[in-house]
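Visitor: I would like to see how this sequence folds:
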Amino acid sequence: MFHSDLTDFFASAALPGTQTIIEAVQTQGMHMQTRQRVVIVGGGFAGLEAAKALAGHGFDITIIDRENHHCFQPLLYQVATAALSPAEIAWPIRSIFRSARDVTVLMADVTGVDPEGRYVAAGARRIPYDKLILATGAGHSYFGHDEWAKHAPGLKRIEDATTIRRNILLGFERAELTEDAKERDALLTYTIIGGGPTGVEMAGAISEIARKTLARDFRRVDPKTSRILLIEAGPRLLPAFPENLSAYTQRALERMGVTVLTNTRVTGIDASGVDTSTGRIESATRIWAAGVGASPAASWIGSEADRAGRAAVTPWLKAPVHDHVFIIGDTAAMKDARGQPVPGIAPAAKQMGRFVANVIKAERDGRAVEPFVYKHSGDLATIGRKAAVVKLGRFELTGFIGWLVWSLAHVYFLIGLRNRLLVALSWLLTYATFQRGARLVTREPRVDGTAIDRQAGSPGEARLPARSNSQPPSSMEAPQARNPMSQ
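Guide: Got it, this is the predicted structure:
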């Protein structure tokens, strides 16, 4: 009624500029009457970027995530290798949108989507929407061998990082404890599967722990004798980088004491080691960095998916058969101008998030939008102290300069001044002292609040048998029978 009265008043007054005022009032009234509900599933880079771009523009936005925090995944390996603590690379989603009154955050596990009924199912609760953005990210892919997951954890969440950190540190602690030489060798053998950026970064960081950080901390074992193995099925490390940078990376790792095994397929993983196309590796700690798979979002909406589980999308990042559903980030099977899949990296996810927010605003306002075009900023990977590779357009950087660019870029993309300062200070201290401040081995709490006795081991960790306090340290339990698996 209020907007109708204003329109009638200006129409009858016939004042200069009346038509412009009438159109503005009508447009504002239309926006108020059709305030759309936008539900975003996923609080990663893509989902947060979409929410930020929509906030304050006349939408009711709901973010749903199974965690209460956003995790800066590019630095998860630094948590896994005790350089940073989890709080330095993660932020509560609610605090990010504290000032955005039109953004609601729900911590819930989405179990399905009804595109026809236009609601998201989170257990028994239904969350209605007018526009839906699926930004559910990716998990680990073991290429059809999901049974390997319990023996070789991947690195996608904070929990993954703290589990791997525990396994790495326990390898040294248990090597100090054992009297058996073969057992000690297995405990000091760290196997990383996958020669992409995560695998390279993990291998370099574990080498620095063994040869620098812990070098003087033990009395009965020498951490510098540790074996760090990096296994890659392809012919070279970092296949997304130019060949000269891949070669530089391998040389740098080998100088750090890492054994690089290219053209080597993994055929089996069990509780005591890894079977490969070139032989058996007895290894107490195994880390998976070889593949990722998309979330089940494609199956929620009945969309076609590629081999990695990513949902097919239109050039406007929409589900082909549901015009009101957008799919972004690692969940989307999108190709760039060269016909290559858009990489699953943070800059790509952020570009998609901003794009779909613009599409939603444009559709409400009756504007046309050009199709999505991915703009690749470059590739970065760190190898270790004073060593990294960077590809920015035609420019290639290595060594200390590359490491400095990598460090500045990652600090810049962190959320909040506090976290930028904390991470920069932690790196500065690590660089100056070779020490890592998050070297804690903690017990996991039970549901009832008591601590779990982890002598039984955790995923990717060698196991020790339980013993009474009166018994001397004994060797590990007999390894499980080998059951080689083929890919």
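Visitor: which parts of whichever helix or strand residue 168 is part of are buried?
Guide: Element membership for residue 168, per DSSP states H and E: helix 158-177. Judged by neighbour count (16 or more other CB atoms under 10 Å), helix 158-177 contains these buried residues: 158, 160-172, 174-177. To be clear about C-beta, it is placed using only N, CA and C from the backbone, and glycine gets the same treatment.
Visitor: Next: stretch 254-262.
Guide: Using 16+ other CB under 10 Å as the test for burial, stretch 254-262 gives 256, 257, 258, 260, 261.
Visitor: contacting residues around it?
Guide: Residues outside stretch 254-262 that contact it (CB atoms under 8 Å, 6 or more residues apart in numbering): 195, 203-204, 207-208, 210-211, 224, 227-232, 234-237, 250, 253, 276, 278, 383-384.
Visitor: Which ones among the residues you listed lie within helices?
Guide: Within those, residues falling in helices by DSSP state H are 203, 204, 207, 208, 250, 253.
Visitor: The third one: neighbour count?
Guide: Here the number of neighbours of residue 207 (other CB atoms under 10 Å) works out to 24.
Visitor: pLDDT wise, what is residue 462 at?
Guide: pLDDT, residue 462: 49.
Visitor: so how far is stretch 191-199 off the chain centroid?
Guide: Distance of stretch 191-199 from its chain centroid, counting by CA atoms, centre = their mean, to the nearest Å, is 14 Å.
Visitor: you'd agree residue 128 is up against residue 36?
Guide: No - counting by CB atoms under 8 Å, residue 36 is not a contact partner of residue 128; they are 11.1 Å apart.
Visitor: Tell me which of these two has more neighbours.
Guide: Neighbours were counted for residue 128 and for residue 36 using other CB under 10 Å; residue 36 has more, 18 against 13.
Visitor: need the contact list for the more buried one.
Guide: Listed by CB under 8 Å, 6+ apart, the contact set of residue 36 reads 59, 60, 130, 131, 360, 364.
Visitor: Which members of those residues occur in strands, if any?
Guide: Among the contacts of residue 36, the members found in strands (DSSP state E) are 60, 131.
Visitor: the domain parsing of this protein - what is it?
Guide: Under the assignment automatic domain parsing, the domains of the chain span 36-66+108-140+293-365, 146-290+379-456.
Visitor: Lowest average pLDDT across those domains?
Guide: Lowest mean pLDDT of the domains of the chain: domain 146-290+379-456, a mean of 88.
Visitor: starting at the chain centroid, how far to it?
Guide: 15 Å.
Visitor: Pretty sure residue 388 sits in a strand.
Guide: Yes - under DSSP: H, G, I helix; E, B strand; the rest coil, residue 388 sits within a strand.
Visitor: ok, it touching residue 396?
Guide: No - using CB under 8 Å, residue 388 makes no contact with residue 396, being 11.3 Å away.
Visitor: So which of these two has more stuff around it?
Guide: Between residue 388 and residue 396, residue 388 has the larger neighbour count (other CB under 10 Å), namely 28 against 17.
Visitor: Which residues are in contact with the residue nearest the centre of the chain?
Guide: By CA atoms, centre = their mean, the chain has its centre lying nearest to residue 73, at 3.8 Å. Taking CB under 8 Å, 6+ apart as the criterion, residue 73 is in contact with 44, 156, 346.
Visitor: For the closest residue to the second one other than its chain neighbours, name its beta-bridge partners.
Guide: Read that as residue 156. Among residues not flanking residue 156 along the chain, residue 139 sits closest, at 5.9 Å (CB to CB, 6 or more residues apart in numbering). Residue 139 has these beta-bridge partners by DSSP bridges: residue 293.
Visitor: What is the neighbour count of residue 425?
Guide: If you count neighbours by other CB under 10 Å, residue 425 ends up with 11.
Visitor: helix or strand for it, which one?
Guide: helix 417-433.
Visitor: Can you list the residue ranges for helices in this protein?
Guide: Listed in chain order, the helices of the chain (DSSP H) span 2-13, 18-33, 45-54, 76-80, 93-96, 158-177, 181-187, 197-208, 243-255, 297-300, 346-365, 399-413, 417-433.
Visitor: mind listing what residue 368 touches?
Guide: Residue 368 makes contact with residue 362, according to CB under 8 Å, 6+ apart.
Visitor: how much space is there between it and residue 250?
Guide: Distance, residue 368 to residue 250, using CB to CB, to the nearest Å: 49 Å.
Visitor: Residue 91 now?
Guide: As for residue 91, its distance to residue 250 is 35 Å (criterion: CB to CB).
Visitor: ok, back up a step: of the contacts of stretch 254-262, keep whichever come out buried.
Guide: Applying 16+ other CB under 10 Å to those flags 195, 203-204, 207-208, 210-211, 227-232, 236-237, 250, 253, 276, 383-384 as buried.
Visitor: So which of those are in strands?
Guide: Per DSSP E, strands hold the following members of those: 227, 228, 229, 230, 231, 276, 383, 384.
Visitor: In these, find the pair that's most separated.
Guide: The most widely separated members of those are 276 and 384, with 24.3 Å between them, by CB to CB.
Visitor: Isn't residue 301 up against residue 322?
Guide: Yes - taking CB under 8 Å as the definition, residue 301 is a contact partner of residue 322 at 5.9 Å.
Visitor: and residue 266, what is it in contact with?
Guide: Here residue 266 is in contact with 193, 231, 233, 274, 275, 276, 277, 290, 487 (CB under 8 Å, 6+ apart).
Visitor: Can you get me a residue count around the fourth one?
Guide: Applying the criterion other CB under 10 Å, we find 24 residues in the vicinity of residue 274.
Visitor: any idea how far residue 288 is from the residue nearest to it when sequence neighbours are not counted?
Guide: Sequence neighbours aside, residue 281 is the residue nearest to residue 274 in space, at 4.7 Å (criterion: CB to CB, 6+ apart). Using CB to CB, residue 281 is found at 14 Å from residue 288.
Visitor: Pick out whichever of the two has more residues nearby.
Guide: Set side by side, residue 281 and residue 288 show more neighbours around residue 288, with 27 against 22, by other CB under 10 Å.
Visitor: how close does the more buried one get to residue 237?
Guide: Counting by CB to CB, the separation of residue 288 from residue 237 is 16 Å.
Visitor: May I have the residues that are in contact with residue 341?
Guide: Neighbour list for residue 341: 333, 334, 335 [criterion: CB under 8 Å, 6+ apart].
Visitor: What is the nearest of those residues to residue 419?
Guide: Closest to residue 419, out of all of those and judged by CB to CB, is residue 334, at 29.6 Å.
Visitor: What's the separation between residue 40 and residue 80?
Guide: With distances taken as CB to CB, residue 40 is found 28 Å from residue 80.
Visitor: And these two? Which one has more around it.
Guide: residue 40 (32 against 28).
Visitor: Contact partners for that one?
Guide: Residues near residue 40 by CB under 8 Å, 6+ apart: 47, 50, 51, 61, 62, 63, 64, 133, 135.
Visitor: possible to save the residues you listed as TSV with distance to residue 426 and neighbour count?
Guide: Below are these laid out as TSV (distance: CB to CB, whole Å; neighbours: other CB atoms under 10 Å):
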residue	distance to residue 426	neighbour count
47	27	28
50	30	30
51	29	27
61	33	25
62	35	20
63	29	26
64	32	22
133	34	30
135	29	31
